[in-house]
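In: Predicted model and sequence follow; I will ask about them next.
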Amino acid sequence: MKLPQSTAILALCACAARAAALPIDGAQLVEQISTLASDEFEGRAPGTQGEKMTIDYLQEQFKKLGLEPGNPDGTYLQAVPLVGISSHPTLSYGGKQLKFGDDYVAWTARPQPNLDISESELVFVGYGVQAPEFKWDDYKGADLKGKTLVMLINDPPVPDPRRPKQLDANVFGGHAVTWYGRWNYKYEIAAKLGAAAALIVHETKAAGYPYEVVVNGWGRENFALKDKEPEPYLPAMAGWLQQDRACELFKAAGLDFKELKQRAAARDFKPVPLGIKINLTAVNATREVASHNVVARIPGSDPRLKNEVIVYTAHWDHFGIDETLPGPRTQQIFHGAVDNASGVAALLQIAKAYKALPAAPRRSILFVATTAEERGLLGAQYYVRHPLYPIGKTVLNINIDGVNLWGRTREVELSGMGKSSADDIVAAIAARQGRVVKPDSNVSYGSYYRGDQLEFARVGVPTIYLRSSASKTLYYTAHQYHTVNDTVQASWNTAGAVEDITLLFQAGHQAAQAKDAPKWKDNAEFQRR
């Protein structure tokens, strides 16, 4: 395949020339990013021509590197059957109808023409958390079957008993967002308890993003894995309430939202029936989408350990094309250069480094370029539910979602730091690079729970997930992230990317060679079951 040429690429190649002697090649990294983020690949949306271009390119690259097909059926593809669902909901209570988008967003993962939740009792369940390790239970045994739960985003804010103006770092991580604070946990626990629907009150500061992100993300076609059974992680209907509308809802129930929010921050909180019944319906248009993970493998060399697997992941998908946007076609394409053409290019660089070794590592190495991460981590979710190699033999996941293209750093930011002994591997390699490891600098963003590594962690696989520092990515996050402006930039400096990718290669190799596999620490919320 002919690679796109540009003056930007030439400038970037010159910037990375000093890395040419390393197995990880900054110039080639940029060429690979430029291919995947080109107009030709149309934003890499699942089920489109952009997907076909992407998976063809990745298969070609893995073959050139000499990697074996990762699927035991002899191919480089794992089929991931998806369903696209466009929901057209209505929500009303007490004769008042809310406006979709402006007032609320709701959707379903159930591919059926109609959903009707009628006269469902509304119950406020505080932060919606059951966390035995913190002696916290917002539900107190309440029967919530068929009811609609109203929840707060984020973790309960528990004051430090010694410094009441600060949060207790030993309970829900203090200012850090834990798994319990994420919307996907809250929907999952609602489904587990038999609720018909769950509505999260959106608050910009607590969520970490404005309400417009909710509308843009969930207010259009959504995707689900095609399955015979309903999605266990979601109730029949899930959604968000705009904060002002939530306050009005509580007022209609004769209650004060702020006062109830304060009550919800205590362990003795109990669910509060609002005395209001809600009607939530949806007319759905559905379509089947045949998508794919791309998988390649390096078999292990040790007769005893070769059945154990280190899995590297990076999602290949992005948001495709929005033809309603103004301007020429190139300004309608979500190129996804950093997110996540850069991660996929890093995957290829790491694969090349493994093939350059004089001997294969003791454990097997699997590379998985996942689909539909931007649609809810669906490619990774499908893999762990339908693993090509036993999850019980999968000893480590190393996920790459964006790389540092803004120069070298003295620090390595490790998202999810403190959860497993894999941290020690990262710290030792970083030290050899003259760097130190520290936790994610933006812990309130909850990065660990937003990427494909989460799906592996949830089934008990320890993970490694590096993040670029907030100061490095400030401009990118404000002006390019999840927009059509996420394109190849002449100002990139690949030195930091080369260093981080080298670290991830060495971390996986060390884990593949070690006698003992990485283990979860006692305080981690994800343990091998």
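Out: Looks like it came in fine.
In: Apart from its chain neighbours, what residue comes closest to the residue nearest in space to the middle of the chain?
Out: The chain has residue 451 as the residue nearest its centroid, 2.3 Å off, counting by C-alpha atoms, centre = their mean. Using C-beta to C-beta, 6 or more residues apart in numbering and skipping the chain neighbours, the partner closest in space to residue 451 is residue 401 (4.6 Å). To be clear about C-beta, it is placed using only N, CA and C from the backbone, and glycine gets the same treatment.
In: how near is that neighbour to residue 325?
Out: 25 Å (C-beta to C-beta, to the nearest Å).
In: check contacts around the residue nearest to residue 451.
Out: The neighbours of residue 401, taking C-beta atoms under 8 Å, 6 or more residues apart in numbering as the test, are 314-315, 339-340, 343, 373, 451-452, 465.
In: picking that back up, surely the residue nearest to the centre of the chain forms part of a strand?
Out: No. Going by DSSP: H, G, I helix; E, B strand; the rest coil, the assignment for residue 451 is coil, not a strand.
In: What distance do you get for it to residue 463?
Out: For residue 451, the distance to residue 463 - C-beta to C-beta - is 9 Å.
In: Kindly report the same for residue 231.
Out: Between residue 231 and residue 463 the computed distance is 23 Å (C-beta to C-beta).
In: sorry, back to before: now, of the contacts of residue 401, which are buried?
Out: Taking 16 or more other C-beta atoms under 10 Å as the criterion, what is buried in these is 314-315, 339-340, 343, 373, 451-452, 465.
In: ranges for the helices of the stretch 151-300 of the chain?
Out: 183-192, 204-207, 211-218, 243-252, 257-263 (DSSP state H, counting those that start in this stretch).
In: Just name the most buried of those.
Out: A comparison of those by mean neighbour count, using mean count of other C-beta atoms under 10 Å, puts helix 183-192 on top with a mean of 21.
In: what comes up buried for the longest strand along the chain?
Out: What stands out as the longest strand in the chain, according to DSSP state E, is strand 272-298. By neighbour count on 16+ other C-beta under 10 Å, the buried set for strand 272-298 is 272, 274, 276, 278-282, 284, 286, 289, 291-298.
In: Specify the angle between it and helix 243-252 in degrees.
Out: 150 degrees (axes from the mean of the first three to the mean of the last three C-alpha atoms, to 10 degrees).
In: Strand 272-298: partners in the sheet, and parallel or antiparallel?
Out: For strand 272-298, the paired strands and their directions (DSSP bridges) are strand 68-69 (antiparallel), strand 77-93 (antiparallel), strand 114-124 (antiparallel), strand 364-370 (antiparallel).
In: looking at these, which is closest to residue 444?
Out: strand 114-124 (23.8 Å; C-beta to C-beta).
In: Mind listing what's buried along the closest one?
Out: 115, 117, 120-124.
In: Report the secondary structure state of residue 455.
Out: helix.
In: For it, the count of nearby residues, please.
Out: 25 (other C-beta atoms under 10 Å).
In: Remind me which helix or strand residue 398 belongs to.
Out: strand 394-399 (DSSP states H and E).
In: Run me through the strand neighbours of that strand, direction for each.
Out: Strand 394-399 is paired, per DSSP bridges, with strand 309-315 (parallel), strand 463-467 (parallel).
In: Now find how far off-centre the first one is within its chain.
Out: With C-alpha atoms, centre = their mean, to the nearest Å as the basis, the distance from the averaged C-alpha position of strand 309-315 to the chain average is 14 Å.
In: ditto for the last one
Out: Using C-alpha atoms, centre = their mean, the distance from the centre of strand 463-467 to the centre of the chain it belongs to is 12 Å.
In: Contacts for it next, please.
Out: 396-401, 412-416, 419-420, 422, 425-426, 440-442, 447-448, 451, 453, 456-457, 500, 503-504, 507.
In: and what of the first one?
Out: Contacting residues not belonging to strand 309-315 are listed as 340, 343-344, 346-347, 350-351, 361, 363-374, 379-380, 389, 393-401, 452-453, 456, 461, 504, 508, 511-512 [C-beta under 8 Å, 6+ apart].
In: Tell me the spacing between residue 343 and residue 433.
Out: For residue 343 relative to residue 433 (C-beta to C-beta), the value is 20 Å.
In: any idea how the chain splits into domains?
Out: Annotated domains of the chain cover 7-66+299-513, 83-286 [automatic domain parsing].
In: Now render those domains as CSV, adding mean pLDDT.
Out: Shown next, in CSV, are the domains of the chain (pLDDT from 0 to 100):
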stretch, mean pLDDT
domain 7-66+299-513, 92
domain 83-286, 93
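In: most packed of the ones you listed?
Out: domain 7-66+299-513 (a mean of 20).
In: Turn the strands paired with strand 394-399 into CSV, including distance to residue 180.
Out: Output for those, formatted as CSV (distance: least, C-beta to C-beta, whole Å):
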stretch, distance to residue 180
strand 309-315, 24
strand 463-467, 18
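In: Can you give the distance from stretch 472-488 to the centre of its chain?
Out: The gap between where stretch 472-488 is centred and where its chain is centred comes out at 17 Å by C-alpha atoms, centre = their mean.
In: what's the first-to-last distance across it?
Out: Here the two ends of stretch 472-488 are set 16 Å apart, with distance taken as C-alpha to C-alpha, to the nearest Å.
In: who touches that stretch?
Out: Identification of contacts with stretch 472-488 by C-beta under 8 Å, 6+ apart yields 6, 8-9, 12, 30, 33-34, 37, 319, 322, 325, 331-339, 404, 406-407, 409, 496.
In: let's go with 7 Å and repeat that
Out: 8, 33-34, 37, 325, 331-339, 404, 406, 409 (C-beta atoms under 7 Å, 6 or more residues apart in numbering).
In: if we can go back for a sec, same list (the strands paired with strand 272-298) but as TSV, adding distance to residue 133.
Out: Converted to TSV, the strands paired with strand 272-298 look like this (distance: least, C-beta to C-beta, whole Å):
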stretch	distance to residue 133
strand 68-69	42
strand 77-93	34
strand 114-124	24
strand 364-370	30
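In: Among these, single out whichever gets nearest to residue 255.
Out: strand 114-124 (7.9 Å).
In: How far off centre is the closest one?
Out: Its chain's C-alpha centre and that of strand 114-124 lie 29 Å apart, by C-alpha atoms, centre = their mean.
In: next one: stretch 504-520
Out: Using C-alpha atoms, centre = their mean, the offset of stretch 504-520 from its chain centre is 23 Å.
In: what's the answer for stretch 384-392, then?
Out: Relative to the centre of its chain, stretch 384-392 is centred 19 Å away, using C-alpha atoms, centre = their mean.
In: swap in stretch 332-343?
Out: Put simply, stretch 332-343 sits 15 Å off its chain's centre (C-alpha atoms, centre = their mean).
In: what does stretch 314-331 give?
Out: Centre-to-centre, stretch 314-331 and its host chain are 20 Å apart (C-alpha atoms, centre = their mean).
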